[in-house]
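Asks: Below is the sequence, then the predicted model.
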Amino acid sequence: MAPAEGAKAVKAAKAARKPSRGSTASKPAQPAAPAAPTKTAKTAKTAKTAKTPKTAKTAKTAKPAKPESRLAMVRRARRINRELAEVFPYAHPELDFRSPFELLVATVLSAQTTDLRVNQTTPALFAKYPTPEDLAAAVPEEVEELIRPTGFFRAKTKSIMGLAAALRDDFGGEVPGRLEDLVKLPGVGRKTAFVVLGNAFGVPGITVDTHFMRLVRRWRWTESEDPVKIEAEVATIFPKSEWTMLSHRVIFHGRRICHARKPACGACPITHLCPSYGEGETDPEKARKLLKYEMGGFPGQRLDPPPGYPGRPAPPLGASGG
């Protein structure tokens, strides 16, 4: 090979080994640039060191509401009585009677049953035995059959015949007008005595039945469950002249609106005065469906209601709706 040709061959070989300017295949890989710190890490650190909001601290140190004072309770109780008087201006004893004797017997029969059932039962009883002397001389089995619809008819027969005999023998056939005499009669306790005294003799008294007990406890007038103690405590809240009508209003409210199992809170006119609001149905439409007797558009409990009663009389025993 000629020297010139050899030089050209060497030059060509070097050119073949040299990479072209546009090629990247032989370039060494460049290390990735370190990532910039993210804002998330900084935010997390800030959140960790953030102070507790002042509102949370304030909630923890909020003071509980002060208990109602005796004076405030008395004022609220008397306002309830006044407002119930506007709602039930026709409140009355819901037993039909024409004399103290009939009221006494009807009240004894009303234990463990409704006044409606008693009112449906007593017309036949008083038609056959109109006086204490007549009832005292009756055949027990015949009396039992007449009062059977009221329940516990054997025990009640013994009570009403016993009190009739006591009236005949000890009081000249007349119902006494004193508490101490009435409670001595068979089947007559303080509740029955006050019903008779207040409604047949005009003597003020507080009738503590199951409705009265339930409502005065819901209204926080008392915490007692003993009827005698409840009577004494409520008596200190109201003047004596209010006792009889107070009893009627509270019992009316308990039977019509403030029921034992499901009070109609959403239809109650005194919710703004009731510390137990919400124990029952609060939806107005649903609550209205819970109302009873004249408040719900149904017959009342009396077959012979007094003048001014806005509802329908109750049907006789065995009649439609009875």
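Replies: Yes, it's here.

Asks: ok, Arg154 touching Glu144?
Replies: Yes. At 5.9 Å, Arg154 counts as touching Glu144 under the criterion of Cβ atoms under 8 Å. For the C-beta atoms, the positions are set from N, CA and C on the backbone; glycine is no exception.

Asks: Which secondary structure element of this structure has the lowest mean pLDDT?
Replies: Every helix and strand of the chain was ranked by mean pLDDT, DSSP states H and E. The lowest is helix 39-48, at a mean of 44.

Asks: low pLDDT regions in the chain?
Replies: Within the chain, the stretches with pLDDT under 70 are 1-63, 320-322.

Asks: Let me know how buried Glu174 is, in neighbour terms.
Replies: 12 (other Cβ atoms under 10 Å).

Asks: quick one, phi/psi of it?
Replies: phi -110, psi 150 (degrees, to the nearest 10).

Asks: List phi and psi for the closest residue to it other than its chain neighbours.
Replies: The shortest distance from Glu174 to any residue other than its chain neighbours is 6.7 Å, reached at Leu167 (Cβ to Cβ, 6 or more residues apart in numbering). Dihedral pair for Leu167: phi -60, psi -40, per degrees, to the nearest 10.

Asks: I figured Leu167 hits Lys184, correct?
Replies: No. Counting by Cβ under 8 Å, Lys184 is not a contact partner of Leu167; they are 11.0 Å apart.

Asks: Specify which residue of those two has the higher count of neighbours.
Replies: Taking other Cβ under 10 Å, Leu167 and Lys184 do not tie; Leu167 has more neighbours (23 against 14).

Asks: Asp115 against Gln301, yeah?
Replies: Yes. Between Asp115 and Gln301 there is a contact under Cβ under 8 Å: 4.5 Å.

Asks: Give me the neighbour count for Thr207.
Replies: 26.

Asks: now swap in Pro269 and tell me
Replies: Close neighbours of Pro269, defined as other Cβ under 10 Å, add up to 13.

Asks: show me what contacts it?
Replies: Glu83, Val87, Ile257 (Cβ atoms under 8 Å, 6 or more residues apart in numbering).

Asks: And it, how far from Lys156?
Replies: According to Cβ to Cβ, to the nearest Å, Pro269 stands 36 Å off from Lys156.

Asks: Spatially, which residue comes closest to the most centrally placed residue in the chain, not counting chain neighbours?
Replies: Nearest to the geometric centre of the chain sits Pro263, at 3.9 Å (Cα atoms, centre = their mean). Leaving aside its sequence neighbours, Pro263 sits nearest to Gly280 (Cβ to Cβ, 6+ apart; 3.0 Å).

Asks: That neighbour and Lys262 touch, don't they?
Replies: Yes. Between Gly280 and Lys262 there is a contact under Cβ under 8 Å: 5.2 Å.

Asks: and Arg154, how far is that from Leu167?
Replies: 21 Å.

Asks: and what of Pro176?
Replies: Pro176 is 8 Å from Leu167, by Cβ to Cβ.

Asks: ditto for Leu95
Replies: Counting by Cβ to Cβ, the gap from Leu95 to Leu167 is 18 Å.

Asks: again with Leu182
Replies: According to Cβ to Cβ, Leu182 and Leu167 sit 10 Å apart.
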